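> This is a predicted model, with the sequence first.
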Amino acid sequence: MTPPGWHPDPGHSGKGPDQERWWDGAQWTGHVRPSPAAVRRRGIRIGVGVTVGAVVLAAIGGGMYLLREDDGGRPGIAVASPSAPPPAPEGSGAPDGGNGSEGDKDGDDGGSQGPGEQLPPTEPGYATDLAAGISLPVPKGWTGKSAAVGAGLTTGEHACPGGADTTCVRGGIFSAPAVALKLTAGTAEEAAKKDIAVNAEESYGGDSYGKITSHEEIRSGAVTVAGQKGYAVRWKVVTEKGDDGYVESLVFPSPASKDMLVVVRSGFDISKDAPKLSVLDEIVKGIKAASGAGAGNGGAA
């Protein structure tokens, strides 16, 4: 008997990228996702961030600023996303179709889907990156975004130091498969060490913060996330404009596909208005395999 989980979609027409469908042990459900191989093959438009539904969470200013993809690329526009699809039939055992806790507060507020894609099944209080096979816990007061490719958490929107026409955040975390960020490296350690400089520049460089005048490595080492052995590098960066910040690049194998690396980029302002670094540590500890992604739940060591 085929066990519950993600399997090649038997109803896929062959048009478009390969996909997987959730089998609940007795029937095929309406939940689909891109197959890991399709994610690696296709050219996902990422830019400097990760597309999460209609909102691009880009790594600038506390890890992210907000763009609306259908608004000509103009920054500073936060938009509401469509609601998640209805849950699978009762008793199906499919991944939860819920969308955060207490409505959109403190949880995932959804995303949009492309042709042939379902919104990712999520659970209350988590934002799910379906392609990466992980779910990120959403702390109280934060906003979470789920998508077929990528997931993001943000808090503390404010005008960027470089101009009021862009919106930055005090704290931001987003995930994506490494291939979606065009990050190629053999190991998690190599990828994290390669990504941290890019993360720092995109989070606290450019027009929003000016150039980074200096940085200090404050942590670098092995870490276990969602049961997977990975590596994290954390820098403190000094900016030309506005608040300085902490950035972290965390890389580990996907619980859904051991040959796919997942990148979790973080950026926190150094400010009385920003979340403490202990919040970042708690989020990382709470990252887990998404429902149906396979075994390997667990926290960071």
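Received it, and whenever you're ready, just let me know what you need.

> quick one: contacts for residue 242?
Contacts were defined as C-beta atoms under 8 Å, 6 or more residues apart in numbering; by that measure residue 242 touches 160-162, 208-209. (C-beta placed from N, C-alpha, C; glycine too.)

> Could you measure from it over to residue 203?
Separation of residue 242 from residue 203 (C-beta to C-beta, to the nearest Å): 12 Å.

> try residue 247
Separation of residue 247 from residue 203 (C-beta to C-beta): 5 Å.

> Which one's more surrounded, these two?
Neighbours of residue 247 and residue 203, each counted by other C-beta atoms under 10 Å, are more numerous for residue 203; the result is 34 against 28.

> if I read this right, the more buried one contacts residue 246, doesn't it?
No. Under the criterion of C-beta atoms under 8 Å, residue 203 lies out of contact with residue 246, with a separation of 9.3 Å.

> which neighbours do these two share?
Residues touching both residue 203 and residue 246 comprise 237, 267, with contact defined as C-beta under 8 Å, 6+ apart.

> Tell me, please, where in the protein the pLDDT is lower than the cut-off.
When residues are selected by pLDDT under 70, those of the chain lie in 1, 16-17, 36-122, 164, 292-301.

> switch the cut-off to 90
1-124, 130-131, 145-150, 157-168, 179-186, 202-203, 205-211, 241, 256-259, 291-301 (pLDDT under 90).

> Longest helix in it, please.
The helix spanning the most residues in the chain, taking DSSP state H as the definition, is helix 188-204.

> What is the helix or strand just after that helix packed up against?
Scanning forward in sequence from helix 188-204 by DSSP states H and E, the next helix or strand is helix 206-209. Here helix 206-209 touches strand 163-177, going by 3 or more C-beta pairs under 8 Å, 6 or more residues apart in numbering; DSSP states H and E.

> Could you check the angle the strand it packs on makes with helix 188-204?
Computed by axes from the mean of the first three to the mean of the last three C-alpha atoms, to 10 degrees, the angle separating strand 163-177 from helix 188-204 equals 170 degrees.

> Only the buried residues of strand 163-177, if you could.
Buried residues in strand 163-177, counted by 16 or more other C-beta atoms under 10 Å: 166-177.

> Also stretch 254-267?
Result for stretch 254-267 [16+ other C-beta under 10 Å]: buried residues 254-257, 260-267.

> Inside strands: which ones of those?
261-267 (DSSP state E).

> out of the residues you listed, who's nearest residue 181?
Residue 181 lies nearest to residue 263 out of these, by C-beta to C-beta, at 5.7 Å.

> Go ahead and confirm the closest one touches residue 177.
Yes. Between residue 263 and residue 177 a contact is recorded at 7.5 Å, counting by C-beta under 8 Å.

> Quick check, residue 5 in contact with residue 21.
No. The pair residue 5 and residue 21 fails to qualify as a contact (C-beta under 8 Å) at a distance of 10.2 Å.

> so where do the helices sit in the stretch 201-301 of the chain?
206-209, 277-286 (DSSP state H, counting those that start in this stretch).

> got JSON lines for those helices, with mean neighbour count and distance to residue 194 too?
Listed next are the helices of the stretch 201-301 of the chain as JSON lines, based on neighbours: other C-beta atoms under 10 Å; distance: least, C-beta to C-beta, whole Å:
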{"stretch": "helix 206-209", "mean neighbour count": "21", "distance to residue 194": "19"}
{"stretch": "helix 277-286", "mean neighbour count": "17", "distance to residue 194": "19"}
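
> Much appreciated, bye for now.
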